[in-house]
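Trainee: here is my input, please return the structure:
(2 chains)
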Number of protein chains: 2
Amino acid sequence: MPANKQQLLDNRPEGEAVASNFRLVTAQTPELKDNQVLVRHHYLSLDPYMRGRMNDSKSYAQPQPLGQVMQGGTVGEIALSKNPKFAVGDKVVGFGGWQEYSVVDADQPGVLRKVDTTHVPLSHYLGAVGMPGVTAWYGLVKIIAPKEGETLVISAATGAVGSAFGALAKARGCRVVGIAGGPDKCKYAVEELGFDACIDYRQHPDTKSMSQALKEACPKGIDGYFENVGGYILDAVLLRANAFARIALCGMIAGYDGQPLPMANPALLLINRIKIEGFIVSEHMEVWPEALKELGTLVATGKLRPRESVAQGIESAPEAFLGLLKGKNFGKQLVKLI
Amino acid sequence: MPANKQQLLDNRPEGEAVASNFRLVTAQTPELKDNQVLVRHHYLSLDPYMRGRMNDSKSYAQPQPLGQVMQGGTVGEIALSKNPKFAVGDKVVGFGGWQEYSVVDADQPGVLRKVDTTHVPLSHYLGAVGMPGVTAWYGLVKIIAPKEGETLVISAATGAVGSAFGALAKARGCRVVGIAGGPDKCKYAVEELGFDACIDYRQHPDTKSMSQALKEACPKGIDGYFENVGGYILDAVLLRANAFARIALCGMIAGYDGQPLPMANPALLLINRIKIEGFIVSEHMEVWPEALKELGTLVATGKLRPRESVAQGIESAPEAFLGLLKGKNFGKQLVKLI
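Mentor: This is a model prediction of the structure:
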């Protein structure tokens, strides 16, 4: 059995996460038991939610245990199989974590899913046609539930969730405005992802300025907002929200490192009869087939061409992850392991 | 035609509302035209939402115009009629404002509704079997949508909305915890309104203390919250909210006078996948018949015995209203005009 390099959570962040929170080790891979398979990971997914799980605080998920392999989504192929449903060479998506190989009890429902790479590149099953894509779909379809012609806004617009959101919203006839960091990302959002406009938050670093930029980009106001960030951007959106606006609350990355970020004026929720709803997509598995079907079609037909930032090798995972938290990635952040 | 004493909004509050914001005048009553009726008001309703309309700011309703009669709900009887559908002596509920009489174009749908006072006292059509009751019903049934056995909390528990909420929630098999100001109101909430517990916010004047009190009163956490107040009480509720809690946002009276009151930690909405939704009951007229039927039955059968604070005479309306904003009322605040 092959040696298996792994990244463990060694200690919890105090404030900002740092590389020394992680520890690289090499483990031996155990022999397979009946119904188990060995998956060789091709790509590891890095996602903002992982930062929240590094804290030892109440959250929707158990905290990432100390001294254990960092958890996370993976795509790869079956390297060895003692399970009749999986053959060597099958491409699979799973939750193998920050390591080169995983041994999986492949009989457990949902832990490993075979995927077809004829029209969709394997890595996209961690992004547009995977958890981030379904996250965008759920927030858009089940919480925002837009009508044709409405104006929608999303923060972190060029990330894995944001790019899928843009394509899904355009397919429903909405005006879609992104918020992203820097002119390159904003140009990409408009020219390649199909956003109608994109606001560079670095040019609008406070509520008043962002609110003004939103007013210009959303002349009819904001009917729906998909929140990945939190903080002053949410405050600015609330100032431009129309009556009966819906806000899907998916991430508040701005507050992961320290003190809670307040919402400046929650009375606006009442004044404009706004709905705001937090969600986590893994609690809504019933929508995944429908969502993945639409997302796969968008990718296969070229209507969604997601961009990827690819770091090389398991050794690079911590730095790539810390970069993601600072918005250094451009599109879906992956680690390529082979 | 009779002389008609009226309370006008003379000028807008700067900070706290004061009696000199209002002006008492006496107007002549115009002769009736065809299809009009003259209503003699028996009771005027005073409600917290009126404070928001005194400000000249964006809100769900147009601001109360300066120099005009303060708007508000009224019950009374037909004093003169040129409308075949209304006879002298008919008891009616309407929106006659802070004055002794109103002339109503009774043909307009919804402006005047005949009510039956056989089992329900006339004044209750401004409270438990009127707008406040339907407000409680909508937030409970359409936003919180409780399951039997869940724990619900409401602020301003002994007011017109709160007392109706308690009865409606008990009828659905929920544990209901009130928040009110002072031992007398808390005793009344438990002993007469049927709340399972009631927290005196004066004994818990900060987030930490209120959160501890909520923990004790809600050993299984909070599944639903009906918000009338805003500020630190909402922060404390969020600290005790269960996963998938629902918050009906009806009023934020704590913030009407001045600076916006922030929400300390909106990330809790995400962590616990909470839904918070602002609403105004007049935008949901479709539920009124169903809600009023249930509320009327609760009152007629003695399961909801709402208390009233009654001020005497149109001259007393401003002081009674200012007292309401400070929680000096005990139950539904009315002004008796005859």
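
Trainee: residue contacts, the nearest residue to A:Leu238 once chain neighbours are set aside?
Mentor: Spatial nearest neighbour of A:Leu238, excluding adjacent residues (C-beta to C-beta, 6 or more residues apart in numbering or on different chains): A:Leu268 at 4.5 Å. All C-beta spots, glycine's among them, are computed from the backbone N, C-alpha and C. The contact partners of A:Leu268, taken as C-beta atoms under 8 Å, 6 or more residues apart in numbering or on different chains, are A:238-239, A:241, A:274.

Trainee: how much space is there between A:Leu268 and A:Gly323?
Mentor: With distances taken as C-beta to C-beta, to the nearest Å, A:Leu268 is found 34 Å from A:Gly323.

Trainee: swap in A:Arg51?
Mentor: From A:Arg51 to A:Gly323 the distance is 12 Å (C-beta to C-beta).

Trainee: so these two - more neighbours on which side?
Mentor: Using other C-beta atoms under 10 Å in any protein chain shown, the more surrounded residue of A:Arg51 and A:Gly323 is A:Arg51, with 20 against 16.

Trainee: can you tell me the helix or strand for the more buried one?
Mentor: helix A:49-54 (DSSP states H and E).

Trainee: now that helix: average pLDDT?
Mentor: Mean pLDDT, helix A:49-54: 90.

Trainee: check the separation of the first and last residues in stretch A:17-35.
Mentor: For stretch A:17-35, the first-to-last residue distance is 38 Å (C-alpha to C-alpha, to the nearest Å).

Trainee: averaged pLDDT, that stretch. What do you get?
Mentor: Regarding stretch A:17-35, the rounded mean pLDDT is 97.

Trainee: for stretch A:130-139, same thing?
Mentor: Across stretch A:130-139, the average pLDDT comes to 97.

Trainee: got it, and stretch A:197-207?
Mentor: In this model, stretch A:197-207 has a mean pLDDT of 97.

Trainee: can you give me the helices in the stretch 101-250 of chain A?
Mentor: A:131-138, A:160-171, A:183-191, A:207-217, A:232-240 (DSSP state H, counting those that start in this stretch).

Trainee: coming back round to it: between the contacts of A:Leu268, which is nearest chain B?
Mentor: Chain B lies nearest to A:Ile274 out of the contacts of A:Leu268, by C-beta to the nearest C-beta, at 5.6 Å.

Trainee: in contact with the closest one, which residues are there?
Mentor: A:238, A:241, A:244-247, A:268, B:277-278.

Trainee: okay, the closest residue to it other than its chain neighbours: pLDDT?
Mentor: Take A:Ile274 and drop its neighbours on the chain: the residue closest to it by C-beta to C-beta, 6+ apart is A:Ala245, 4.9 Å away. We have a pLDDT of 98 for A:Ala245.

Trainee: wouldn't A:Ala245 be in contact with A:Glu277 here?
Mentor: No - with contacts counted by C-beta atoms under 8 Å, A:Ala245 stays clear of A:Glu277, the gap being 11.9 Å.

Trainee: if you count what's nearby, which of the two comes out ahead?
Mentor: A:Ala245 (27 against 22).

Trainee: can you name the residues that contact the more buried one?
Mentor: If a contact means C-beta under 8 Å, 6+ apart, then A:Ala245 has A:221-225, A:272, A:274-275 as its contacts.

Trainee: and of those, the nearest to chain B?
Mentor: For the contacts of A:Ala245, the nearest to chain B is A:Lys275 (4.3 Å; C-beta to the nearest C-beta).

Trainee: just grab the bridge partners of the closest one for me.
Mentor: Using DSSP bridges, the bridge partners assigned to A:Lys275 are A:Arg246, B:Glu277.

Trainee: state whether it and B:Leu269 are indeed in contact, as I suppose.
Mentor: No - with contact defined as C-beta under 8 Å, A:Lys275 does not reach B:Leu269; the gap is 11.2 Å.

Trainee: just want to know which of these two has more residues nearby.
Mentor: B:Leu269 (26 against 21).

Trainee: how about A:Thr29: what's its closest non-neighbour residue?
Mentor: Spatially, and ignoring its direct neighbours in sequence, A:Thr29 is nearest to A:Met1 (3.9 Å; C-beta to C-beta, 6+ apart).

Trainee: neighbours of the one you found, how many?
Mentor: 13.

Trainee: return the helix or strand in chain A with minimum mean pLDDT.
Mentor: Every helix and strand of chain A was ranked by mean pLDDT, DSSP states H and E. The lowest is helix A:49-54, at a mean of 90.

Trainee: in PDB, list the C-alpha atoms belonging to it.
Mentor: Extracted C-alpha coordinates of helix A:49-54, given in PDB (Å, rounded to 0.1, in the frame of the first residue of the first chain):
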ATOM      1  CA  TYR A  49     -16.300  27.100   5.300                       C
ATOM      2  CA  MET A  50     -13.100  25.200   6.400                       C
ATOM      3  CA  ARG A  51     -12.000  28.300   8.300                       C
ATOM      4  CA  GLY A  52     -15.000  28.200  10.500                       C
ATOM      5  CA  ARG A  53     -14.500  24.600  11.400                       C
ATOM      6  CA  MET A  54     -10.900  25.300  12.500                       C
END
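
Trainee: same for that helix, what does it pack against?
Mentor: Packing partners of helix A:49-54 (3 or more C-beta pairs under 8 Å, 6 or more residues apart in numbering or on different chains; DSSP states H and E): none among the helices and strands.

Trainee: return the distance of it from the chain's centre.
Mentor: When C-alpha coordinates are averaged (C-alpha atoms, centre = their mean, to the nearest Å), helix A:49-54 and its chain have centres 12 Å apart.
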